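**Student:** sequence plus the predicted model coming up.
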Amino acid sequence: MRKGNTANARECALSVLVACRRNGAWADAALKAQLGKCALSAQDAALCSRIVYGVMQNELLLNWYLSAYCTQKLDHLQPPLADILRIGAYQILFLDKVPDHAAVSESVELCRTNGRSAASGLVNAVLRKVAQNKSNLPPLPEGNIARLSVAYSHPQWLVKKLVSLLGTEEAEAFLRIDNEASPISVQVNPLKTNEKALVDELRGEGVCVTPHPWVPGCLELSGTGDLTTLSAFYNGRFTVQDAAAHLIVCAADFARGQRVLDVCAAPGGKSFAAAFAMENEGSILSCDLHENKLKRIREGAQRLGITCIETAAVDGRAFREEWAGHFDVVICDVPCSGLGIIRKKPDIRYKDAQEFSALPEIQRAILENSARYVKDGGLLVYSTCTILPEENEQVTDGFLKAHDEFTYEAFSLPNGVSAPGHLTLWPQRDNTDGFYLSRMRRKTHD
């Protein structure tokens with residue numbers, strides 16, 4: 001990799017995009033790994049991140065414009081030429097501080113440093129045409145679904161689904177937010193501090209802090225750099241968790257001394273939220289399939305000063321006789337499509353819809369099994385970070401039809417909204433991730 005400034009940022013960004021295409025890596029994980037190798041300055045690391053997420057968030061739109069000026073189909077180009085073109089076009093169309101000539105010349109240089117010197121003329125010609133025409137770009141496709149799909153770079157199947165659920169205007173608002181920067185949301189650890197003290201501490205470290213508009217103890221951060229370098233993080237005074245996920249405390253109604261089971265616990269945020277609400281008194285059993293994920297939960301609990309959490313490597317679909325009827329609250333935050341967190345994981349949108357088709361069966365199996373662990377009068381909480389009804393209310397409605405010993409029970413949110421047993425949170429409405437949350441009470445035998 002060459003020495004010097006923004007060229008390194010572009011090469012690092014290209015390496016991340018190549019890892020995503022070639023290995024199916026998630027962009028956030030690949031970016032973190034690559035930044036660890038590149039040793040970029042803070043400014044260059046920010047540019048690299050901006051390019052990676054910008055290309056991911058606008059891929060279909062970039063393809064649309066590039067295809068108007070490229071004589072070859074993008075998917076017929078040798079790797080990584082398509083991504084080199086996208087990186088160049090993204091800078092020209094979206095980054096005002098990058099001169100067009102720099103975006104073009106550095107993209108040509110990326111061809112040379114990646115063994116594609118023969119294609120440098122093509123890259124130069126295409127990107128110069130994009131720059132020359134950026135105030136007069138080709139019109140978007142006709143038809144509402146096709147237009148929204150290209151404009152916001154979401155697949156047509158998902159756009160159709162959103163329009164059917166929300167109507168065109170609100171669907172477009174959802175799509176627009178998906179392409180905006182997502183705030184870093186953290187939760188105050190009441191075992192070690194309070195909201196005012198944490199806000200003062202973080203601001204003292206140069207972090208921009210905005211309290212969430214309606215979720216107490218939730219702070220939105222910017223200007224953090226690497227969160228793990230903050231003393232407040234190292235000393236366990238906060239944990240990273242979106243406002244929506246933290247609302248598990250509203251549905252679960254945690255209390256001191258309870259026995260709680262978190263069936264699909266990794267990376268641990270909901271178990272930590274339970275421990276905070278329970279004032280670290282009682283017991284929480286946090287489960288996951290993989291021991292390496294359980295290790296992260298234990299490490300997080302130690303950092304936060306939580307002592308009431310134990311872990312177990314368990315498949316949520318496999319019944320454990322010794323747990324039957326044992327828990328006051330059982331949390332089922334099940335594996336899901338993740339379509340409510342696209343703004344944090346922009347590459348989710350490009351997953352094949354068929355990959356999601358098997359999820360409801362898995363979700364139902366986990367819910368069915370987990371219900372057996374709820375004691376009489378106890379609570380069963382089901383949640384996902386998606387907005388698809390087939391993974392949400394269709395799962396819980398179907399469960400209740402088959403299990404009359406459970407019933408929805410209303411709960412309230414801090415903003416005064418009352419949920420009749422379940423609700424979906426939407427980013428364009430609620431300033432949270434897209435999230436589904438339900439509360440079901442097991443009836444007490446007479």
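**Tutor:** Happy to help now that I have it.
**Student:** break the chain into its domains for me.
**Tutor:** Following the assignment in automatic domain parsing, the chain carries domains at 5-132, 145-178, 184-240, 248-442.
**Student:** could I get the ones you listed as a markdown table with distance to Pro139 and mean neighbour count?
**Tutor:** Backbone N, C-alpha and C define where each C-beta goes, glycine included. Output for those, formatted as a markdown table (distance: least, CB to CB, whole Å; neighbours: other CB atoms under 10 Å):
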| stretch | distance to Pro139 | mean neighbour count |
| --- | --- | --- |
| domain 5-132 | 10 | 19 |
| domain 145-178 | 9 | 18 |
| domain 184-240 | 35 | 17 |
| domain 248-442 | 23 | 19 |
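**Student:** mean pLDDT for these - can I get that in TSV?
**Tutor:** Output for the domains of the chain, formatted as TSV (pLDDT from 0 to 100):
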stretch	mean pLDDT
domain 5-132	93
domain 145-178	98
domain 184-240	93
domain 248-442	96
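**Student:** among those domains, which is nearest Pro138?
**Tutor:** In terms of CB to CB, the element of the domains of the chain nearest to Pro138 is domain 5-132, at 4.5 Å.
**Student:** quick one: the strands in the stretch 101-250 of the chain?
**Tutor:** Assigned by DSSP state E, counting those that start in this stretch, the strands in the stretch 101-250 of the chain fall at 184-188, 208-211, 218-222, 238-240.
**Student:** remind me, longest strand of this structure?
**Tutor:** strand 374-384 (DSSP state E).
**Student:** paired strands for that one, with orientation please.
**Tutor:** Strands that pair with strand 374-384, judged by DSSP bridges, come out as strand 327-333 (parallel), strand 435-442 (antiparallel).
**Student:** to Gly88, which of these lies closest?
**Tutor:** Nearest of the strands paired with strand 374-384 (CB to CB): strand 435-442, 36.3 Å.
**Student:** columns distance to Arg364 on top of the strands of the stretch 101-250 of the chain, output as TSV?
**Tutor:** Formatted as TSV, the strands of the stretch 101-250 of the chain follow (distance: least, CB to CB, whole Å):
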stretch	distance to Arg364
strand 184-188	30
strand 208-211	38
strand 218-222	31
strand 238-240	30
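**Student:** quick one: closest of these to Ile341.
**Tutor:** Across the strands of the stretch 101-250 of the chain, Ile341 has its closest neighbour in strand 184-188 (11.4 Å, CB to CB).
**Student:** in PDB, list the C-alpha atoms belonging to that closest one.
**Tutor:** Extracted in PDB, the C-alpha atoms of strand 184-188 (Å, rounded to 0.1, in the frame of the first residue of the first chain):
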ATOM      1  CA  ILE A 184     -24.100   5.700  18.200                       C
ATOM      2  CA  SER A 185     -26.500   5.000  20.900                       C
ATOM      3  CA  VAL A 186     -25.300   4.100  24.400                       C
ATOM      4  CA  GLN A 187     -27.100   3.300  27.700                       C
ATOM      5  CA  VAL A 188     -26.000   4.700  31.000                       C
END
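**Student:** what is Leu380 paired to in the beta sheet?
**Tutor:** In beta-bridge terms (that is, DSSP bridges), Leu380 pairs with Val330, Met440.
**Student:** tell me which residues touch the nearest residue to Arg128 once chain neighbours are set aside, please.
**Tutor:** When the adjacent residues along the chain are set aside, Arg128 lies closest to Val104, with 5.9 Å between them (CB to CB, 6 or more residues apart in numbering). Residues near Val104 by CB atoms under 8 Å, 6 or more residues apart in numbering: 88, 92, 124, 127-128, 131.
**Student:** what separation do you get for the residue lying closest to Leu304 once chain neighbours are set aside and Asp376?
**Tutor:** With CB to CB, 6+ apart as the criterion, Leu304 has its nearest non-adjacent residue at 4.4 Å, and that residue is Gly236. Distance, Gly236 to Asp376, using CB to CB, to the nearest Å: 36 Å.
**Student:** check Lys351 too.
**Tutor:** Lys351 is 40 Å from Asp376, by CB to CB.
**Student:** now swap in Leu198 and tell me
**Tutor:** Going from Leu198 to Asp376 by CB to CB gives 39 Å.
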